[in-house]
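Engineer: Below are the sequence and a predicted model; questions follow.
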Amino acid sequence: QVQLVESGGDLVQPGGSLRLSCVVSGSIFRFLAVGWGWYRQAPGKQRELVATVFTGGRTNYTDSVKGRFTISRDNAKNTVYLQMNSLKPEDTAVYYCNAPAAMSTWGQGTQVTVSS
(Lines give C-alpha, C1' and ligand atoms only; values in the text may rest on other atoms or scores of the structure.)
Protein backbone atom coordinates (compact mmCIF):
# COMPACT_ATOMS: atom_id res chain seq x y z
CA GLN A 1 0.00 0.00 0.00
CA VAL A 2 1.32 3.41 -0.98
CA GLN A 3 1.85 5.98 1.76
CA LEU A 4 2.28 9.69 1.12
CA VAL A 5 4.10 11.99 3.54
CA GLU A 6 4.21 15.69 2.76
CA SER A 7 6.48 18.21 4.50
CA GLY A 8 8.02 21.64 4.14
CA GLY A 9 5.05 23.89 4.79
CA ASP A 10 5.48 26.98 6.90
CA LEU A 11 4.38 30.56 7.55
CA VAL A 12 6.03 32.86 5.02
CA GLN A 13 5.69 36.48 4.03
CA PRO A 14 4.32 37.48 0.62
CA GLY A 15 7.07 37.24 -1.98
CA GLY A 16 8.82 34.48 -0.08
CA SER A 17 9.71 30.95 -1.10
CA LEU A 18 9.15 27.42 0.17
CA ARG A 19 10.09 23.96 -1.01
CA LEU A 20 7.65 21.15 -0.34
CA SER A 21 8.57 17.48 -0.35
CA CYS A 22 6.43 14.37 -0.73
CA VAL A 23 7.95 11.00 0.07
CA VAL A 24 6.14 8.06 -1.51
CA SER A 25 6.64 4.73 0.22
CA GLY A 26 5.29 1.21 -0.24
CA SER A 27 5.76 0.65 -3.97
CA ILE A 28 8.79 1.73 -5.94
CA PHE A 29 7.22 0.44 -9.15
CA ARG A 30 4.12 2.47 -8.50
CA PHE A 31 6.17 5.63 -8.05
CA LEU A 32 8.13 5.13 -11.26
CA ALA A 33 5.16 4.15 -13.41
CA VAL A 34 2.88 7.15 -12.89
CA GLY A 35 2.84 10.91 -12.97
CA TRP A 36 2.60 12.80 -9.70
CA GLY A 37 0.87 15.98 -8.75
CA TRP A 38 0.64 18.58 -6.04
CA TYR A 39 -2.83 19.58 -4.92
CA ARG A 40 -3.97 22.26 -2.51
CA GLN A 41 -7.09 22.95 -0.51
CA ALA A 42 -7.81 26.39 0.89
CA PRO A 43 -10.36 26.93 3.66
CA GLY A 44 -13.89 26.62 2.29
CA LYS A 45 -12.70 25.60 -1.18
CA GLN A 46 -12.40 22.36 -3.10
CA ARG A 47 -9.07 20.62 -3.46
CA GLU A 48 -7.39 21.60 -6.75
CA LEU A 49 -4.52 20.18 -8.76
CA VAL A 50 -1.85 22.85 -9.18
CA ALA A 51 1.12 21.03 -10.74
CA THR A 52 1.88 17.68 -12.38
CA VAL A 53 5.12 15.94 -13.34
CA PHE A 54 4.79 13.05 -15.75
CA THR A 55 6.99 9.97 -16.02
CA GLY A 56 9.13 11.50 -18.75
CA GLY A 57 9.65 14.71 -16.81
CA ARG A 58 7.13 16.86 -18.64
CA THR A 59 5.29 19.24 -16.34
CA ASN A 60 1.96 21.03 -16.27
CA TYR A 61 0.67 23.86 -14.08
CA THR A 62 -2.57 25.57 -13.36
CA ASP A 63 -2.58 29.17 -14.59
CA SER A 64 -2.46 30.75 -11.15
CA VAL A 65 0.97 29.25 -10.35
CA LYS A 66 2.66 29.28 -13.76
CA GLY A 67 6.03 30.98 -13.63
CA ARG A 68 6.14 30.82 -9.82
CA PHE A 69 5.98 27.11 -8.93
CA THR A 70 8.21 24.29 -10.18
CA ILE A 71 7.40 20.62 -9.70
CA SER A 72 10.08 17.94 -9.94
CA ARG A 73 10.61 14.32 -9.05
CA ASP A 74 13.60 12.32 -7.82
CA ASN A 75 13.05 8.73 -8.88
CA ALA A 76 16.00 7.52 -6.80
CA LYS A 77 14.39 8.88 -3.65
CA ASN A 78 10.71 8.25 -4.47
CA THR A 79 10.16 11.93 -3.77
CA VAL A 80 8.21 14.71 -5.46
CA TYR A 81 9.08 18.35 -4.84
CA LEU A 82 7.29 21.65 -5.27
CA GLN A 83 9.43 24.77 -5.33
CA MET A 84 7.21 27.76 -4.67
CA ASN A 85 8.51 31.28 -5.32
CA SER A 86 6.89 34.71 -5.21
CA LEU A 87 4.26 33.39 -2.85
CA LYS A 88 0.97 35.25 -2.52
CA PRO A 89 -1.65 35.25 0.25
CA GLU A 90 -3.97 33.34 -2.08
CA ASP A 91 -1.49 30.46 -2.09
CA THR A 92 -2.42 29.79 1.53
CA ALA A 93 -3.71 26.23 1.73
CA VAL A 94 -2.94 22.71 2.83
CA TYR A 95 -0.82 21.08 0.13
CA TYR A 96 -1.02 17.39 -0.75
CA CYS A 97 0.61 15.11 -3.28
CA ASN A 98 -0.97 12.22 -5.15
CA ALA A 99 -0.95 10.49 -8.52
CA PRO A 100 -3.77 11.94 -10.66
CA ALA A 101 -4.19 8.75 -12.72
CA ALA A 102 -3.72 6.31 -9.84
CA MET A 103 -4.92 7.91 -6.64
CA SER A 104 -3.80 6.62 -3.27
CA THR A 105 -5.12 7.43 0.18
CA TRP A 106 -4.39 11.06 0.90
CA GLY A 107 -1.62 11.96 3.29
CA GLN A 108 -1.97 14.53 6.04
CA GLY A 109 -0.73 17.35 3.85
CA THR A 110 1.45 20.28 4.83
CA GLN A 111 0.17 23.74 5.73
CA VAL A 112 1.40 26.73 3.76
CA THR A 113 0.42 30.14 5.12
CA VAL A 114 1.38 33.31 3.27
CA SER A 115 0.84 36.35 5.42
CA SER A 116 2.59 39.49 6.57
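Structural biologist: That came in fine, so what should we check first?
Engineer: So for stretch 84-103, what gets flagged as buried?
Structural biologist: By neighbour count, with 16 or more other CB atoms under 10 Å as the criterion, the buried positions of stretch 84-103 are Met84, Leu87, Asp91, Thr92, Ala93, Val94, Tyr95, Tyr96, Cys97, Asn98, Ala99. In this view, the C-beta of every residue, glycine as well, is placed from N, C-alpha and C.
Engineer: Which member of those is positioned nearest Arg73?
Structural biologist: For the buried residues of stretch 84-103, the minimum distance to Arg73 (CB to CB) is 10.0 Å, reached by Cys97.
Engineer: Now intersect the buried residues of stretch 84-103 with the strands, please.
Structural biologist: Using DSSP state E, the members of the buried residues of stretch 84-103 that fall in strands are Met84, Ala93, Val94, Tyr95, Tyr96, Cys97, Asn98.
Engineer: if I pick the fourth one, what's in contact with it?
Structural biologist: When you say that, I think you mean Tyr95. Glu6, Gly9, Leu20, Trp38, Tyr39, Arg40, Leu82, Gly109, Thr110, Gln111, Val112 (CB atoms under 8 Å, 6 or more residues apart in numbering).
Engineer: For the lowest-mean-pLDDT helix or strand in the chain, enumerate the helices and strands it packs against.
Structural biologist: Using mean pLDDT, DSSP states H and E, helix 28-33 stands out as the lowest-scoring helix or strand of the chain, at a mean of 83. Helices and strands touching helix 28-33, by 3 or more CB pairs under 8 Å, 6 or more residues apart in numbering; DSSP states H and E: there are none.
Engineer: where do the strands sit along this protein?
Structural biologist: Applying DSSP E to the chain gives strands spanning 3-7, 11-12, 18-25, 36-41, 48-53, 59-61, 69-74, 79-84, 93-98, 110-114.
Engineer: Tabulate those strands (CSV), appending distance to Ser104.
Structural biologist: Formatted as CSV, the strands of the chain follow (distance: least, CB to CB, whole Å):
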stretch, distance to Ser104
strand 3-7, 6
strand 11-12, 28
strand 18-25, 8
strand 36-41, 10
strand 48-53, 15
strand 59-61, 20
strand 69-74, 15
strand 79-84, 12
strand 93-98, 6
strand 110-114, 16
